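Enquirer: What shape does this take:
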Amino acid sequence: MRKRNILLSVGLATLLTLPFSSADAAVKHKPVKKAHPHPIEVQILGINDLHGQLDVTRTVGGRQVGRADILAAYLKQREAQVKDTLLVTSGDAVGASAPVSALFQDEPTLNILNTLHFDVGTLGNHEFDHGVNEMMRQIYGGTNPTTGEYFKGVNFPYVCANVIDKKTKKPLLPPYVIKKVHGVNIGFIGVDTTETPSITIPTNVKDVEFTDETEAINKYAKVLKKKGVRTIIVLAHDPGNSDYDGKNATGKVIDMAKNIDPEVDVVFGGHNHAYINTKVAGKRVVQAYSYGTAFADVHIWIDPRTKDVVKDSAEIVTTYQDSITPDPEIKAMIDEDEERVAPLINQVLGTTTTTLTGKQNESGESNLGDFITDAQRDITQAQIAITNPGGIRADINSRYQQRGET
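Expert: This is a model prediction of the structure:
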């Protein structure tokens, strides 16, 4: 009886160690892939819609924000915290700019991006403000048509997959670029909004056509995957919105994220100067307002074995001026450009006793818009004048406000 109990105990123990089915047995003998215990952390700092607002201060929640020297200080601060950091711009870095940049064909803005060592950029609709030839000169270098001085161009690649040269039928710019970070290849694909031809002067884009952004991204994501790239970032000058908690995300860039290749990990948006920080179909989607008043700080962790992203996080950081010291190198550049432009802009053309602003009433009308269109009618002797509210970029203070009076 005692021997039988021993045998029974041994039998139960053996039964408990055996697989319960053939499928379980197969799983047991198949090695399970786990994330590498030491993934590579990569930080990507992104701006959008800077619009050459180098020396312009704005207000958020009663605090002053913006200016390129403030933005630069924040970017350098964050860059110092993570060894592997890349800087990107997703369109409209130039165009609709402040005089300190605009009066020199936006070269001051591009010089600052060069000095900050940006890594990748893509086009926005405003890069086409002076036509394709001038845009290409700004990127690749050439003689400034205003100053007659030679500009060396940008020292980082601009990529755009969906702007096609009508003659060659090929992308006007490289559609993608691959950056090697800590031994891992990261692919960057750029696209510009297909709205561009309808919101710029037709002659500016007569030699190019804009194809569907999603199709262009998927086409070159496939190319990148064939090259073994498993971490893909998209720079898209396309609009969207989300709540601060990431909910209620809407807009074109959100719809794009739902339909682009699953291998894409992060999408930087732009164009509508809004806030986005959300996850869509497994992809991180961000947009950081505009004018250098904020930037996106995206972190991805890449498995060095699979070369794919295993985790991500993001923050939209507001560039409060009272929280940081302006970067001295960029401040000196701005000061120099302000000196150069001063003789051109420091002229009193008139005064106003009432502040003129672009603030719209329920009908979409503003007193500054009225002033602009009245001037257009007066100069052209037209019966009707229309202006785009989005083109009203700055207010005109009254002479009392300028002197600090009440």
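
Enquirer: what about the helix or strand encompassing Val266, distance to the chain center?
Expert: Assessed by DSSP states H and E, Val266 sits inside strand 264-268. In this view, strand 264-268 has its centroid 11 Å away from the chain centroid, taken as CA atoms, centre = their mean, to the nearest Å.

Enquirer: partners of it in the sheet?
Expert: strand 231-237 (parallel), strand 283-288 (parallel) (DSSP bridges).

Enquirer: what residues does the helix or strand following the last one touch?
Expert: Once the chain leaves strand 283-288, the next helix or strand it forms, by DSSP H and E, is strand 294-302. Here strand 294-302 makes contact (CB atoms under 8 Å, 6 or more residues apart in numbering) with 39-48, 65, 71, 74-75, 78, 82, 184, 186, 231, 265-266, 268, 277, 284, 286-288, 308-319. Placement of C-beta: from N, CA and C, glycine included.

Enquirer: Quick check: neighbours of whatever helix or strand comes next after strand 294-302 in the sheet, parallel or antiparallel?
Expert: Per DSSP H and E, the first helix or strand lying C-terminal to strand 294-302 is strand 309-318. Within its sheet, strand 309-318 is paired with strand 294-302 (antiparallel), according to DSSP bridges.

Enquirer: and the partner strand, C-alpha only, in PDB?
Expert: The C-alpha trace of strand 294-302 is given here as PDB (Å, rounded to 0.1, in the frame of the first residue of the first chain):
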ATOM      1  CA  ALA A 294       6.700  75.600 -28.500                       C
ATOM      2  CA  PHE A 295       8.400  72.500 -29.700                       C
ATOM      3  CA  ALA A 296       7.800  68.700 -29.600                       C
ATOM      4  CA  ASP A 297      10.100  66.500 -27.500                       C
ATOM      5  CA  VAL A 298       9.600  63.000 -28.700                       C
ATOM      6  CA  HIS A 299      11.500  60.000 -27.200                       C
ATOM      7  CA  ILE A 300      11.700  56.600 -28.900                       C
ATOM      8  CA  TRP A 301      13.400  53.500 -27.600                       C
ATOM      9  CA  ILE A 302      14.700  51.200 -30.300                       C
END
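
Enquirer: Tell me how many other residues surround the residue nearest to Glu195 when sequence neighbours are not counted.
Expert: Among residues not flanking Glu195 along the chain, Asn125 sits closest, at 6.7 Å (CB to CB, 6 or more residues apart in numbering). By other CB atoms under 10 Å, 25 other residues sit near Asn125.

Enquirer: Look up phi and psi at Asn125.
Expert: Per-residue torsions, Asn125: phi -60, psi -30 (degrees, to the nearest 10).

Enquirer: what are the ranges of the helices in the stretch 301-406 of the chain?
Expert: Per DSSP state H, counting those that start in this stretch, the stretch 301-406 of the chain carries helices over the ranges 328-345, 367-380, 399-402.

Enquirer: can these go into CSV with extra columns for mean neighbour count?
Expert: Listed next are the helices of the stretch 301-406 of the chain as CSV, based on neighbours: other CB atoms under 10 Å:
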stretch, mean neighbour count
helix 328-345, 15
helix 367-380, 14
helix 399-402, 14
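
Enquirer: Point out the other elements, helices or strands, that the helix or strand containing Val42 touches.
Expert: In the assignment (DSSP H and E), Val42 maps to strand 40-47. If you count contacts as 3 or more CB pairs under 8 Å, 6 or more residues apart in numbering; DSSP states H and E, strand 40-47 packs onto helix 68-79, strand 85-90, strand 283-288, strand 294-302.
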